[in-house]
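In: fold the following.
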Amino acid sequence: MRRRLYALLTAASLAVSVLSGCENLGTAASGGGQASAPSPEQEENTAAAAAAETTEAAETAEAAEAPAAGGAPETEDSQSSVSTAGTYPVKMLKKAGADPVTGQIALVFAEGTDIPYVSLSEYMPLLASVYEDEKAPVFKIEKAIDHCFVVSRTDNGSDMAVSTADNTIEFLDYDRFISPSAPNIPVLPGRMVLDQTGSDGARALLEDTGESYDRRGGKVLKIDLAAYGISVMEEDGECYVPLQTLNDLLMPQTGKAAIFNGQELLVGTWGGEFVKGRYSVPAGPMSEAFADFNYRELCLSLDTFYGLKAEHGIVRFGDFFNETELTEDLSGTDPAVFDKSLKRLVLRYFHDSCSGFRTTSVLTGKDLEPDNGLGVLSAPNARTGQDMTYVNARKRHYPGIGEGKRVLLYEEYEDTAFITFDSFTADKSDYYTQGDRNNPGDTIEMISHAQERITRAGSPVTKVVLDLSCCRDGSVDAAVFTAAWLRGSALIGVRNTLTGALSAEGVRADVNLDGVFDQKDLLPSYVHVYVLTSGNTFSCASLVAAAVKGKAGITLLGTATGGGGSLDRLCTTASGAEYRIPGTLQTGIFKEGAFCRPEGGTEPDFVITNVDTFYNRTLLTEYIKSLP
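Out: Here you go, the predicted model:
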């Protein structure tokens, strides 16, 4: 589900550490070029080894157990362990079709390793530059007390504290800290621009009904890096954090990926062709130190941001990797083996229809795509048997619909209009100047086109069927636009389970794109709406079905929806692989004022068991006539 990022209001003071780390990350085989991932006792040894002076005995006797990335430094001397430094080119593609923005960034490396660290004074301006100019956060960095550095958002009052003494990163108000700058800041990512002018001066398609409200979160996000054997460093008044740690915490909200390939830092749209320039370096193995860090950082990122841990019975991913025998492959030095295991994790073990594997690691090389099965593949494309049942049935009635083609159909059978699409899409930045409802190319244009056809003079249409039976994902904005059209207005929520923050958003849609929110945007009162659903109706589509369920004049047909409702989190690894997971942001509806997510699916009002009835429009039209 595509996301837009906005901010949380003021911070709360209830400190809840959401990360217990990995008391047992799991032990990988130390032989065969595999890095070790220590037990609790080994972690204590690691911290002691990092604090002590380096000796030949320490290098030999403890090398098999201590993580090459270093443990949790406890002394002031251990806080200064920068070994080498260098300045590297930065290439950033902010918009498709635009020329890349170039620059430089200074990186340092932990002593004796090739693990890149970056100072806060270098990274925060880079992060700000990723946003559009009018949304760029304004950061101020200061050393508050000994070994504690605070990054403040001067535009909204939020902050991030990094302790080099405790190896922790803490956010009093994480949602607000990661948001873009905006004059009227709503609470959470996923929230739409409701006022009459949106970004780039484009008029918004949605108007606030007056029902919207924000509720700030009550949980402090405190990340214990030491529990993962990851350290931050301090030297000459600067605070250095692993580049990937900051990328994991702060970059996904931008929709961009930042990949360092040892020669340059590439910043571009997650999964985009631009970032694939990472493969300019020769393929080969990772160092043991880097492979160990790559594994630890993966555990940290998934422990923090994977939104379905409870549903999968996962407490710590270090334990889960041991239980699934993935630890050795994920912590080893062979990047291709790592990629295969990561792909197996998201597609086989998660198998949640949101998770997906996108691109391989830097040192794996693009030549491995797709012959070894590591090509571009995401879970929604790896369809299950149930998925293909509906897909194949539709192909029998619509042979022109092929895999990978955007489905947008408007049809009329007698007095019934059928609207079909497989994904909620909103491609234009300004539909008032760029939209073309006569030749619809996305969801917004299709609905506007349908409204015009249904309400035209002499129209025979008294029934509308919205076919969401193969609709699985897409833009939250387009989904809410659709729900508002069907209902007249819609109240949709976004909740962050990580922080407890909640946004409720009541909207109406300018369906006919005339710049006025009025009766002309609504379906006539004599038109009855039917929404066709199946187990394939997932994520955004399931949200729409839940939002319209029970509304007078709307009937659900088919089988129960597949649920979903978690917004995608676009992730990278230190090794440069890209993957997608359901994050901690959830969409939902409100019942009796309480937030409810459609995770368990929505039951239809009338069940249709014959799949062919779904797509035989003549037969379905006759069936609808028989309904009370």
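In: what pLDDT does the closest residue to D442 other than its chain neighbours get?
Out: Take D442 and drop its neighbours on the chain: the residue closest to it by Cβ to Cβ, 6 or more residues apart in numbering is T425, 4.0 Å away. Yep, even glycine has a C-beta here, placed from its N, CA and C like the rest. T425 carries a pLDDT value of 90.
In: got the residue ranges for the strands in the stretch 351-500 of the chain?
Out: Using DSSP state E, counting those that start in this stretch, the strands of the stretch 351-500 of the chain run over residues 356-359, 377-378, 408-413, 416-421, 423-424, 463-467, 473-474, 490-496.
In: the fifth one pairs with which strands, and in what direction?
Out: Right, the one you point to is strand 423-424. strand 473-474 (parallel) (DSSP bridges).
In: how about the first one?
Out: Here strand 356-359 has these sheet partners by DSSP bridges: strand 377-378 (antiparallel), strand 578-591 (antiparallel).
In: model confidence over that strand, on average?
Out: 87.
In: where does pLDDT dip in the stretch 351-500 of the chain?
Out: Confidence mapping of the stretch 351-500 of the chain against pLDDT under 70 gives the ranges 367-387, 402-405.
In: helices of that one, start to end?
Out: 385-397, 431-434, 443-454, 476-487 (DSSP state H, counting those that start in this stretch).
In: out of these, which is the most enclosed?
Out: helix 476-487 (a mean of 26; mean count of other Cβ atoms under 10 Å).
In: ok, back up a step: distance to F606 added to the helices of the stretch 351-500 of the chain, as CSV?
Out: Converted to CSV, these look like this (distance: least, Cβ to Cβ, whole Å):
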stretch, distance to F606
helix 385-397, 17
helix 431-434, 34
helix 443-454, 22
helix 476-487, 17
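In: related to what we said a few turns ago, closest to T609 out of the strands of the stretch 351-500 of the chain?
Out: T609 sits nearest to strand 463-467 of all the strands of the stretch 351-500 of the chain, at 16.9 Å, using Cβ to Cβ.
In: against which helices or strands is the longest helix along the chain packed?
Out: In terms of residue count, the longest helix belonging to the chain (DSSP state H) is helix 288-305. Counting contacts by 3 or more Cβ pairs under 8 Å, 6 or more residues apart in numbering; DSSP states H and E, helix 288-305 is packed against helix 243-250, helix 317-323, helix 327-331, helix 335-344, strand 566-572, strand 578-591.
In: export it as PDB, just CAs?
Out: Output in PDB follows, covering the C-alpha atoms of helix 288-305 (Å, rounded to 0.1, in the frame of the first residue of the first chain):
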ATOM      1  CA  GLU A 288      32.900 -11.800   8.000                       C
ATOM      2  CA  ALA A 289      32.600  -8.600  10.000                       C
ATOM      3  CA  PHE A 290      30.200  -7.100   7.500                       C
ATOM      4  CA  ALA A 291      28.200 -10.300   7.100                       C
ATOM      5  CA  ASP A 292      27.800 -10.400  10.900                       C
ATOM      6  CA  PHE A 293      26.600  -6.800  11.000                       C
ATOM      7  CA  ASN A 294      24.300  -7.400   8.100                       C
ATOM      8  CA  TYR A 295      22.600 -10.200  10.100                       C
ATOM      9  CA  ARG A 296      22.300  -8.200  13.300                       C
ATOM     10  CA  GLU A 297      20.900  -5.200  11.600                       C
ATOM     11  CA  LEU A 298      18.300  -7.400   9.800                       C
ATOM     12  CA  CYS A 299      17.200  -8.700  13.200                       C
ATOM     13  CA  LEU A 300      17.000  -5.200  14.600                       C
ATOM     14  CA  SER A 301      14.900  -3.900  11.700                       C
ATOM     15  CA  LEU A 302      12.500  -6.800  11.700                       C
ATOM     16  CA  ASP A 303      12.100  -6.900  15.500                       C
ATOM     17  CA  THR A 304      11.100  -3.200  15.400                       C
ATOM     18  CA  PHE A 305       9.100  -2.800  12.200                       C
END
